[in-house]
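[1] got a sequence here, can you model it:
(chains A and B)
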Amino acid sequence: MIGHDVFLPAPLLAVPSGIMVMLAATVWRRSAGRSLACAMVTLLLALAVVGRHTGGRPDNGDSLFIQDRWTSYTAALIIFSTLCILLMSWRDRGHDGTTRVDEYSLLFMLGTLGALAMVFSANYMPFFLGLEILGVSITGLATFRYRPVMAGCEAAMKYLILSGVSSAIFLFGTGLAYGVTGSLRFTPPVAAGGMPAALPVAATVMVLAGMFFKLSAAPFHMWLPDVMEGAPVPVAAFVAVVSKIAIFSALVRYFGTGAQPPFLNDIVSVVIILTIMAGNLLALRQTSLTRLMACSSIAHVGYLLIAFLCPGHVQSGAITVYLAAYAASTLGVFATMTAFASPDGPDGTRIAQWRGLFFSRPFLASAMALMLFSLAGIPPGIGFLAKFEVAATGVEHQRDVLLCTLIIGSIIGLYYYLNIIRIMMTAPLLPAHPLKRHARPELAALVIVLTIIVVIGGLFPARAIHPLLPAPPAPPGLPDGMTH
Amino acid sequence: MTPLPALVLLPIVGGGLAWLAERIQPHTASPARDASWWVALGILIVETLLLVLVTVRHPDHAGPWLGHFSTPWIPAMGIAVRLDMDGLSLSLIWLSLILCFLCLFLATRQVTVNAGAFHFLFLATLTGIIGTFLATDLFLFFFFWELMLVPMFVLIAAWGHEDRQRAAMKFFMFTQGSGLLMLLSILGLVIAHYRESGVLTFDYFTLARTPLSPALSMLLMLGFFTAFAVKLPVVPVHVWLPDAHTQAPTAASVLLAGILLKTGGYGMIRFNVMLFPDAASRFAPIAMGLGVAGILYGAWLSCAQDDVKRLIAYSSISHMGFVLLGIFTGSRIGMQGAIIQMLAHGLGTAALFLVAGAIQERLHTRDMHRIGGLWAAMPRLSSTGLFFAVAALGMPGLGNFTGEFLVLLATWHVSPTIATLTTAGLVLSAIYALRMVNRIFLAAARADLRPVRDIPARQMAVFACVMAFLVVLGLYPQPFMTFSTPSPLPVTDVTGQTAATP
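    Residues are numbered from 1 along each chain as shown, chains lettered A, B, ... in the order given. Okay, the predicted model is just below:
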């Protein structure tokens, strides 16, 4: 049935080829540096060919993969994020020769492959494979934390077990869906004649539960802070950014961008409220910056789901801008954390360590503050526009309860983001902390690039707002919004 | 070629230059040689020249609007960078610039830590404020509205007094949280207009013509009102103000009291009353009630304060109550009174904060129990303080009196009861102002008073300019009243289609 189909998006060809080369190089001689360089080249290559594909697309819609502007956008976002994360990991490479080895970048590449497979999939099979590849790579990556060793192992175990459970639920849903429709196409099952109506609903809910688990939407959010805290900082960034973009992209692909059926509407609305409140309230009492970022990431998933639930004129812009804003700002925070950390000093994961940074390293502190402002939705960062557009989608559909939750969540969020800035502004306990500064030009460049993206994206966002989502069944409203 | 965008962008760009100037030439021992200060001064002078240009040039189009600038920003959302200037925005920008000069001459030189960053943030706040006064695209307005909070937050949190960080957080969260309600209102208005006409736009003049149901317009108006009420502030949501004003460094206090509060009044005139005239008139009784409550409550609490800056802060709440009252009387006189009151309060309270800052700098305390009898030691500062305290209590012949009188006149036509209650506020204001003068300046000199230096004559000259402004506002307010009236364009647009958008 699918044997003759050779339609394959080019990134799915480029990344595995790169992985093969890396594996071959590992067999020949192990070198973390070469592995990392190979990974970067592969990613750049994949970024260059992100919109291309091999073979002709079959017309009957039974292909394994799909390619349109939405896949190109999210795939580019994923590849770019992985590039940033690899740059963050550069520092760790030569630091501890015994534990930092080349499978580190290899696992990142595998995880990226999984994420890309999820983005491009139009069938349950590649999606599930992608999900598992991503999950297993993250499990491996989480253990790379060497100080303390136990934290990494704990994070990996937690992720392994919980991700296994969620995969099982998802697989069950897939099975039910196949039972209903007799097809593995990546769309919500619709009951055929004579089927009980509850069966497709159950299938959809189970698939949704599996996805929410990976997306860390409440009430399936508990694993995220633990895993991110236990993992190394770049891996935490990977969990927070890449895996979430991939799963959200697949979610939009699966359910489409039209109006959702009523039962789904209710479920997702409740999940959104729980997610926003849980994420923000949990973040209030955190003392660890990675945990705080995990909680903020949970809350942002909630905001993003509001845009998912409100189809219409502004939805496409809202989702694309929000994904970009979330990725850039979160990566910015993690990049700043890596730049802040020093091998013999604080590693930047405790909030208290950031005290007085405005005095000792003003530029780093300013970048961090900008990223946090952007996450909180305050100009001039791109997060301001993102939150604005998400609110616009909600207003368009008069989702009053969701909007109230958005506002309450934003105000709570403001508190903990501002709190970090406040701590950075507090005068340091010890004047002139004599820490050896390590020149790390790649991190400085990364922070600068992300800062520029966040600011330029916030000031001149016109180019980012294009209709990128997969075409919904209903016409999306007027194409032009010009008044003059 | 209109200078409006330059007017908005110049301060923040110049602020960046000031910061760079300090980093290139690090702070030397003598504060007078501070590079960033000179750059900031130069920027303000250029800005003033630009503003003079705007004021005197003949507008190149018909209509009451003095300037106009428009360029697309986010076409997909119908968002444009659109700036328009009328007499109201122009007079408030003049007020802002005058106060910035005051700050530069009297307060920012005392900043010794990171002066470059201080001047950058100071000027960035100015950009946000001027942008707020000029923006006529609702998205842009909201952008500037939020943008001005950030530098102000940093100014308070980094350079403020002992409890600065809590005050800064409170300030930010109150204003930002209420701003989100305004965001929802903006979006609601835009979507309502989109449903009506199929055009997605954030343009103020187009949106003013949107037909709205009474319930919806009331809801949207309340969203705007909440945001502006927090900024103004109106009594139940004033909680951030005393802390923020008290803890801020002197220059930031001046900006806060002098201009930031005025953005709330400006927003009420421009957006509440002019976008939703019907809803505003239906809401007027409640708003006027809140205004009277603010006048009495602010004045009452002001009488009970020992901290000088806190006393002035509470008196601001009281004075801003007059602004709220005047705006919602629905009459032209009340509106003019509110505007005159905003200008006069901006000048007078800014000067009072500068006096309080000078006292704190010399005596290292704001507690009136520990200050006393300064007249003998500092005659210049004391007479300045006396003058502005008397202005604050509404002495005839000074600007505040004109504003309060016009507001009272307009209120009397609407509700004599409210006008009577308001007069009680005037009595209270006399109590707190004179009490402050008595305790700080006139009381017997304290035995443990350290020898202090009076303010130099050149600073006295700066204060004298402000006094002259207040006297002119008090004695001959007519030109200001006619000049600073908001252009009535959107209002006529609602009733008839005669007026064209500029």
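
[2] what does the pLDDT read for residue 94?
    You didn't pick a chain, so chain A it is. With respect to pLDDT, residue A:94 scores 47.

[3] ah, I was thinking of chain B
    Reported pLDDT for residue B:94: 91.

[4] where in chain A is pLDDT low?
    Across chain A, residues meeting the criterion (pLDDT under 70) sit at A:1-5, A:57-61, A:91-101, A:145-148, A:344-345, A:429-439, A:463-484.

[5] who's in contact with residue A:253?
    A:66, A:70, A:119, A:121, A:122, A:186, A:470 (CB atoms under 8 Å, 6 or more residues apart in numbering or on different chains). No exception for glycine: its C-beta is placed from N, CA and C like everyone else's.

[6] so how far is chain B from it?
    Taking CB to the nearest CB, to the nearest Å as the measure, residue A:253 and chain B are separated by 23 Å.

[7] mind listing what's buried in the strand or helix carrying residue A:33?
    Taking DSSP states H and E as the criterion, residue A:33 maps to helix A:32-48. Across helix A:32-48, burial judged by 16 or more other CB atoms under 10 Å in any protein chain shown covers A:32, A:34, A:35, A:36, A:38, A:39, A:40, A:42, A:43, A:45, A:46, A:47.

[8] and the residues you listed, which is closest to chain B?
    In terms of CB to the nearest CB, no member of these lies closer to chain B than residue A:47, at 24.8 Å.

[9] give me the buried entries from the contacts of residue A:253.
    Neighbour-count burial (16+ other CB under 10 Å) applied to the contacts of residue A:253 gives A:66, A:70, A:119, A:121, A:122, A:186.

[10] what about the residue of chain A positioned farthest from its centre, helix or strand, and which?
    What lies farthest from the middle of chain A is residue A:194; by CA atoms, centre = their mean that is 40.3 Å. Assessed by DSSP H and E, residue A:194 sits outside every helix and strand.

[11] circling back to that earlier point, list the ones among the buried ones among the contacts of residue A:253 that fall in helices.
    A:70, A:119 (DSSP state H).

[12] same list (the buried ones among the contacts of residue A:253) but as CSV, adding distance to residue A:349.
    Formatted as CSV, the buried ones among the contacts of residue A:253 follow (distance: CB to CB, whole Å):
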residue, distance to residue A:349
A:66, 39
A:70, 35
A:119, 30
A:121, 35
A:122, 40
A:186, 38
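
[13] tell me which residues in stretch B:353-369 are buried?
    Applying a neighbour-count criterion of 16+ other CB under 10 Å, one finds B:353, B:354, B:355, B:356, B:357, B:358, B:359, B:360, B:362, B:363, B:366, B:368 buried in stretch B:353-369.

[14] what residues are up against the fourth one?
    Read that as residue B:356. Counting by CB under 8 Å, 6+ apart, residue B:356 touches B:250, B:253, B:308, B:309, B:312, B:366.

[15] filter these to the buried ones?
    B:250, B:253, B:308, B:309, B:312, B:366.

[16] for the residue of the stretch 251-400 of chain B found nearest chain A, what are its contacts?
    Ranked by CB to the nearest CB, the top residue of the stretch 251-400 of chain B for proximity to chain A is residue B:252, at 14.1 Å. Residues near residue B:252 by CB under 8 Å, 6+ apart: B:122, B:152, B:155, B:156, B:159, B:160.

[17] do me a favour and average the pLDDT over the helix or strand hosting it.
    With secondary structure defined by DSSP H and E, residue B:252 is part of helix B:250-255. Mean pLDDT, helix B:250-255: 89.

[18] how far away from the center of its chain is that helix?
    11 Å (CA atoms, centre = their mean, to the nearest Å).

[19] elements contacting whichever helix or strand comes after that helix?
    Following helix B:250-255 in sequence order, the next helix or strand is helix B:261-267 (DSSP H and E). The contact analysis (3 or more CB pairs under 8 Å, 6 or more residues apart in numbering or on different chains; DSSP states H and E) places helix B:261-267 against helix B:87-106, helix B:115-134, helix B:214-231, helix B:308-327, helix B:332-363.

[20] go through those and pick out the most buried.
    Counting by mean count of other CB atoms under 10 Å in any protein chain shown, helix B:308-327 has the highest mean neighbour count of these, with a mean of 28.

[21] packing partners of it?
    helix B:240-247, helix B:261-267, helix B:277-303, helix B:332-363, helix B:399-414, helix B:416-437.
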